[in-house]
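*Asks:* Have a look at this prediction, sequence included:
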Amino acid sequence: MVTADLAYYSLVAVYSAMAIYTISFVAFALDLAKRSGDAQQAAARAAKAEALATASVSRSAAGGSTVVLDRPSRGAGGAASASTGAPAKASSFERVAIAMMLLGFVVHVASVVLRGLAAGRVPWANMFEFSLTGTAIIVGVYLAVQLVVNLRFLGAYVMGLNLVLLAIGTVNYYVAVSPLPPALQSAWLVIHVFVAILGTAFFAIAAGLSAAQLVQTKREQSKLAGLRFLDTLPGAERLEDLAYRIALVGFVLWTFTLIAGAIWAERAWGRYWGWDTKEVWTFIIWVLYAGYIHARATRGWRGARSSWLSIIGFAAVMFNFSVVNVFFKGLHAYSGL
Amino acid sequence: MARSSDRDGGDATRASSVAAGTDTGRSDTGLTDADATDVGGDPLRPSDHIDSVRPAASDGAGITQPKLGPVGYLRFFWRQLTSMKTALFLLMLLAVAAIPGSLVPQRTSDPNGVVQYRTDHPDLFPVLDKLGVFDTYSSPWFSAVYLLLFISLIGCIIPRTRHHFEALRARPPKTPARLSRLAGYRSITLETAGGAGEASITAARAVDAARAQLKRSGYRTQVFGDSVSAERGYLRETGNLVFHSALVGVLLTVGVGGGFGYSGQRVVVEGQTFSNVLGSYDSFNPGRWFDEAQLSPFSIALDRFSTEYAPDTAGAAGMATDFTADVTAQARGGDAEKTQIKVNSPLSIGGSNVYLLGNGYAVDVTVRDGEGNVAFRDTVPFLPQDTNLTSLGVIKVPDALPRQLGMIGFFYPTAADNGTGALTSTDPDTTNPVLSLNVYSGDLGLDAGVPTSVYTLDTDGLTPLAGTDDDAQEKAVQLTPGETATIPDGLGTITFDGVKRFASFDIHHDPSQVWVLLFAGLSFAGLLTALFVPRRRVWVKATETGDGVRLEYAGLARGEDPTLGRAVGDIAKAHLGGLGVPADVAREVADDPARHDVEKPGPAAEGRGRKI
């Protein structure tokens, strides 16, 4: 039976991916431990770099009518802070961790594709498939964001979260491949659910950054003596900025999910909004993140206070996926359990 | 870098009395020049918004609050209601208030669940019902939260819209005297040409070029002497206002527009025809302003209902994969049209949509009474109870003589013994259909004029004749299609003529739907614009010094603007390129190594632009 074979290979692939992710997770954790030791050296190195930077570098453009007399300079925005920011060079642990994460991601994506081929449709029609694809997308989004901003310090969180979700997904939610019930046979399954997963991935990373920001804030107020590795992380303010920007993308995707879901609900159930339990929680999450965005623009709320909302928001996302799907009665009864 | 100026702007006194471009004494107080720019054209925000002007501290004599009159109090409460903190609080309250509705069944979406809840929690139910949690989303407290939120919102967007219209006509503010402390600051001094015949760079030429360039890239520009001041991103505030106004639009169209529609349900058995008149609905929910004349005349005949089942593979055996209702639909004056209604594919007819939301089996039954007359011949829909379509139905025979007959029946599409002698269905398809009936006689209570459900039979006061009841003389009557059984006590016979499929249709009419979608789309577009279009100011300044022309570039974020530094760099690069500066020099000026890092105002920023 081809379907069963493909589903089996998909499962083998996801277990392999989990093994590789575990290595990556351990390496990320070791890297964080190593950062603590490096923190002091990094500070020294940074001080040295600062000294070098202030020394003038002479250059002149030869020929032409235009001669540069002074070197380009930067003002307020240009000065790099020495005390924060990841060390310029990645540790070997970190390189191993990233390499393993990439490898695990490739195997994970293979598992998702195999599952899709086995089912002959998009691989996100029940809770197991949603977990499988969702975790792959979290890693994918993390790696994509990683191309723009250095978020390597968050690797342990991403890998840890992924391993937990994958473990729950494969152990508790696994179901054999089954055809789509008529209610799910719609193009909106592809759009609505995929965008929801994508939004979830952005919220996951934003929540990790917000958590890091909270710890960093405590440390900056010198309330935390230990955890030296925090010195190698960006400052609390920078973490907050990153969390905010990533959560914004998540919020836009979530808004789209909400609207697309309403359009689909109109086609499938004859009404665009009916306060179904899943609709209620999707709405609650939307309101929580709207609150987060407003909180960040409210005097007295920017900083640690608003970031709690980002964390609560992500907790609600997880609650919506796990508890609401399994234990609450509603029309979104597609757990397959 | 957007951030450092942004935050400083929020925290520092940005009093409107500070004239643009003056920075007297500012560096002494540790404030940045970011504050020295005009804020009049900025979006108007509630007073506790992080980007808004903080009210000037009262000078000297401490706090002497004026006594508030009634108008003063109104003004005070209005200001409180439209503040950011209140909006935030109401948003959080809305999220919390929505939770109870997900914990207990709602009358609107799950009426049977509410009935069940009443049975399961007889003590708790009246309390919760009084609190309105079974109608959470139309309860006074939930309504109060969202209405206050929207009043707060409207109170915020009206003045902001007015202000924004004015800002749209304003010119960019004067160039601050010292650009060096602003975001993305860069400077370079170019030696004016020594050689003959070469085009020389003058400050005026540099300013003109900068202005033309900024204009081309969508900036609004204004030249102030030796500098050009430019601003862009007014669309950000437009988007913000569109987003919030569209949300109000969604609320209004949902709240008001929904009242003009109706929805109703009707079970149609194969071979039957449904006509869109009030009397033919099984249940009907009119909107507030519904009028019976709104029912557009059309009819739908269910010709055939078919179900496809998954092949017998593991895990999916017997699962339905497709439902199709083949219908003949006819609108008044139109031709009869053969078409299909499926899940996810409703039929649009006469301005209404017809959805296929359920299906099941209906049994054809003929009952002859004790006197041999046909007392009942009908097709009775049985309601599905489980995934294998074990179905429950009631047959009432009020015309039977000498006594009325009532039956509670179970229909098993694929009957099998579950091991205890009782029947169960093992497949939703009709491979071994069996009808099992508990028969009662007595007064069915139909003549009392009290409406009773066709799906329930009150057996109190009835005499059990056959079935599981202890008093029944016989076991339940079990029939396969075509069979006839006699009813005990010589009260007649019952014939199971056959099985048909029924479809349960929902008919919806909601003229406001398209408006809700329009506003939702508008709010999404507004959201994208409000979050991702940067509002920023950029200045290019050219001063002639003894050695040549000194060019300075700087920007200022108005709101979130993570890419401001890069943008100023790109402007500098293009500008220098246009002036004939070698590409590698321009690139060096544009390069922004701080992109990945936190930056705080450098202590020695001013001294950096050193000559060689």
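*Replies:* All right, it came through fine.

*Asks:* neighbours around the residue of the stretch 151-300 of chain A found nearest chain B, how many?
*Replies:* When scored by C-beta to the nearest C-beta, the stretch 151-300 of chain A has residue A:176 as its residue closest to chain B, at 3.4 Å. Yep, even glycine has a C-beta here, placed from its N, CA and C like the rest. Neighbours of residue A:176 under the rule other C-beta atoms under 10 Å in any protein chain shown: 16.

*Asks:* Same check on residue B:490?
*Replies:* Residue B:490 has 9 nearby residues by other C-beta under 10 Å.

*Asks:* rewinding a little: pretty sure the residue of the stretch 151-300 of chain A closest to chain B contacts residue A:7?
*Replies:* Yes. Using C-beta atoms under 8 Å, residue A:176 is in contact with residue A:7, at 6.8 Å.

*Asks:* Grab the most central residue of chain A for me.
*Replies:* For chain A, residue A:205 is the residue whose C-alpha lies nearest the centre (C-alpha atoms, centre = their mean; 2.7 Å).

*Asks:* Flag the shaky bits of chain A, pLDDT-wise.
*Replies:* A:1, A:39-89, A:223-226, A:333-337 (pLDDT under 70).

*Asks:* Tell me which stretches of it form helices.
*Replies:* For chain A, applying DSSP state H gives helices covering A:2-54, A:92-119, A:127-148, A:155-172, A:187-188, A:194-220, A:236-269, A:277-296, A:304-319, A:325-327.

*Asks:* With the stretch 501-612 of chain B instead?
*Replies:* Ranges of helices within the stretch 501-612 of chain B are B:513-532, B:564-578, B:583-590, based on DSSP state H, counting those that start in this stretch.

*Asks:* Send me the shortest one as PDB with only the CA atoms.
*Replies:* Right, helix B:583-590. The C-alpha trace of helix B:583-590 is given here as PDB (Å, rounded to 0.1, in the frame of the first residue of the first chain):
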ATOM      1  CA  ALA B 583      31.000  55.100  -6.300                       C
ATOM      2  CA  ASP B 584      33.200  53.500  -3.700                       C
ATOM      3  CA  VAL B 585      33.200  56.700  -1.600                       C
ATOM      4  CA  ALA B 586      29.500  57.000  -1.900                       C
ATOM      5  CA  ARG B 587      29.100  53.400  -0.800                       C
ATOM      6  CA  GLU B 588      31.300  53.900   2.200                       C
ATOM      7  CA  VAL B 589      29.200  56.800   3.300                       C
ATOM      8  CA  ALA B 590      26.000  54.800   2.800                       C
END
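
*Asks:* Is that helix in proximity to chain A?
*Replies:* Yes. Judged by C-beta under 8 Å from any C-beta of the partner chain, helix B:583-590 and chain A are in contact via B:584, B:585, B:588, B:589.

*Asks:* returning to that earlier point: quick check: phi and psi on the residue of the stretch 151-300 of chain A closest to chain B?
*Replies:* phi -70, psi 160 (degrees, to the nearest 10).

*Asks:* Quick check: the residue of the stretch 351-500 of chain B nearest chain A.
*Replies:* Counting by C-beta to the nearest C-beta, the stretch 351-500 of chain B gets nearest chain A through residue B:355, at 3.9 Å.

*Asks:* host element of that residue?
*Replies:* Using DSSP states H and E, residue B:355 sits within strand B:352-369.

*Asks:* which parts of that strand are buried?
*Replies:* B:352-365, B:367-369 (16 or more other C-beta atoms under 10 Å in any protein chain shown).

*Asks:* got the angle between that strand and helix A:236-269?
*Replies:* 50 degrees (axes from the mean of the first three to the mean of the last three C-alpha atoms, to 10 degrees).

*Asks:* which helices and strands does the helix or strand just after strand B:352-369 pack with?
*Replies:* Sequence order places strand B:374-384 as the next helix or strand after strand B:352-369, per DSSP H and E. Other elements packing on strand B:374-384 under the criterion 3 or more C-beta pairs under 8 Å, 6 or more residues apart in numbering or on different chains; DSSP states H and E are strand B:262-269, strand B:352-369, strand B:391-397, strand B:405-412, strand B:492-509.
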